[in-house]
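J.: test case, fold it:
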Amino acid sequence: MMGVRKPGARQSANVSAASRALSQRRREVAFESTLLRSLMLGLALAVSLALVGCDKGTAPPPKPAASGPDAAEIVKRYLATTNCKDSTVKMRATITDSDGSASPVQVDLTIFRKRSADGTQNMLVEFTGANRDRSALVTISPRGEVEGVRYAQSNDTFVTTNGVMTEESLFGMTMQELADGQPEKYDFKLTGEVPFQSGQAYRLEGRLKDGAESKFPRIILLISKESYGAVGAEFYDNHDELARRITVSEGELRAGYWTRLRWTLENVARKKTIDFETSDAKFDQNLNDSVFTRQHLKEIATR
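T.: Numbers count the residues shown, from 1 in each chain. Below you'll find the model as predicted:
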C-alpha cells in the first residue's frame, strides 16, 4: 500500500512564508480600503455645507446675536459665496488614526464641479497616482436626486449608487454628503454668536424637515460674520450623537467665492482624522462637459 508523501522542510517553509505574505497583503488591502472610505467621507463633507459648532456640553453657550440678518438671510449670503458656475480645486489629504495605531497616509486629488443651466450639478473627484481607480462621478438633479458612479477596471463596468440614505463600500458614505449636504432639507434658526479665531461667527442650528431623508437629523453651522464663509460644522446622528466635526483653520474669498485653504475633519464614528490643504483653486473657467462623462472617468481610472 502506498503511503502519503509528507512535504519536506523547505516546501513547508515556502508554504508558510507564502501564507504569511498573503495574510499581510489582505490586512494591507483592508487598511487601505478603510482609509479611502474615510477620505471620501471627508471629501463629501468638505465640499458640502462644511460648517462647525460647539461640542455638546463642553463649550460655553453662544451669546445672543445682535440685531442683524436672520437665519434665512445668513444662509442665503453663505450660499452666494459658493455659487460659482464651475470650479477646480487641487488638494492633499493626510489621514491619521485618532488613536495613532497606524502611520499617516497622504492622498492627492482634484475636485471638478459644474452647474448646468437646468440646475443639475456635476462633480468629478479625481485621485492621482496609485489611487486613481477610486475616482468618481457624482450627479445631483434639480429635484435633489443623487447618483454616484465609479469605474471598475477589473471587469470593465461602471458601479452606480443612488439615493441619499445608502451607505456602502463604493464611497463609504451617504450620497447626501456628496450632494452638498442638501441644505434645503433643513429648517435653520439663529441660536447666537460665538468667537472664532480673531472674529465672530453666527451659530445656526438646522433640523431636518418633515418628510426629508438624511442620516443627520441635526446640524450645527458656524458662518463668519465678516466674510459669510463657512468656518465649521457638526453633524449629529439619529441618537443626537456627534458623528462628524469640521474645523476650518484658514480660508479666504477668491474671486468672490469662499475657499477653504486648510481644514480638519474628525470622523468620530471611524476614529479617523483627515487634514486637508488646498494647493490651487480656480473658478468660472467654463469647464467642458466632457470632463463629467463616464468615458472620461474610465480614461483617468485606467491611465
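
J.: go through stretch 70-79 and flag the buried ones.
T.: 71, 74, 75, 78 (16 or more other C-beta atoms under 10 Å). Where C-beta positions appear, they are placed from N, C-alpha and C, glycine not excepted.

J.: no no, stretch 77-97
T.: Within stretch 77-97, the residues that count as buried by 16+ other C-beta under 10 Å are 78, 81-82, 84, 86-91, 93, 95-97.

J.: ok, so of those residues, who is nearest residue 286?
T.: For the buried residues of stretch 77-97, the minimum distance to residue 286 (C-beta to C-beta) is 7.0 Å, reached by residue 86.

J.: buried ones in stretch 145-158, by neighbour count?
T.: If you call a residue buried by 16+ other C-beta under 10 Å, then stretch 145-158 has these buried ones: 146, 147, 148, 149, 150, 151.

J.: in CSV, list those along with distance to residue 189, secondary structure and pLDDT.
T.: Converted to CSV, these look like this (distance: C-beta to C-beta, whole Å; DSSP: H, G, I helix; E, B strand; the rest coil; pLDDT from 0 to 100):
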residue, distance to residue 189, secondary structure, pLDDT
146, 26, strand, 79
147, 32, strand, 85
148, 31, strand, 85
149, 37, strand, 90
150, 38, strand, 90
151, 43, strand, 93
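
J.: what's the pLDDT at residue 265?
T.: pLDDT recorded at residue 265 is 85.

J.: bridging residues for it?
T.: Under DSSP bridges, the beta-bridge partners of residue 265 are residue 246, residue 274.

J.: how near is it to residue 257?
T.: Using C-beta to C-beta, to the nearest Å, we find residue 265 at a distance of 21 Å from residue 257.

J.: give me the more crowded residue out of these two.
T.: Set side by side, residue 265 and residue 257 show more neighbours around residue 265, with 25 against 17, by other C-beta atoms under 10 Å.

J.: wait, the more buried one sits on residue 249?
T.: No: Residue 265 lies out of contact with residue 249 (C-beta atoms under 8 Å); the separation is 11.8 Å.

J.: just the helices in this protein please.
T.: For the chain, applying DSSP state H gives helices covering 9-46, 71-80, 175-178, 294-301.

J.: what's the offset of the second one from the middle of its chain?
T.: For helix 71-80, the distance between its averaged C-alpha position and the chain's averaged C-alpha position is 22 Å (C-alpha atoms, centre = their mean, to the nearest Å).

J.: neighbouring contacts of that helix?
T.: Residues from elsewhere that reach helix 71-80 (C-beta atoms under 8 Å, 6 or more residues apart in numbering): 51, 69, 183, 188-190, 202, 204, 223, 228-230, 258.

J.: if you set the cut-off to 7 Å instead, what comes out?
T.: If you take C-beta atoms under 7 Å, 6 or more residues apart in numbering as the criterion, helix 71-80 is touched by 183, 188, 189, 190, 202, 204, 223, 228, 230.

J.: these, buried ones only, as a PyMOL selection?
T.: Buried members of the contacts of helix 71-80, defined by 16+ other C-beta under 10 Å, are picked up in PyMOL with:
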select buried, resi 183+188+190+202+204+223+228+230
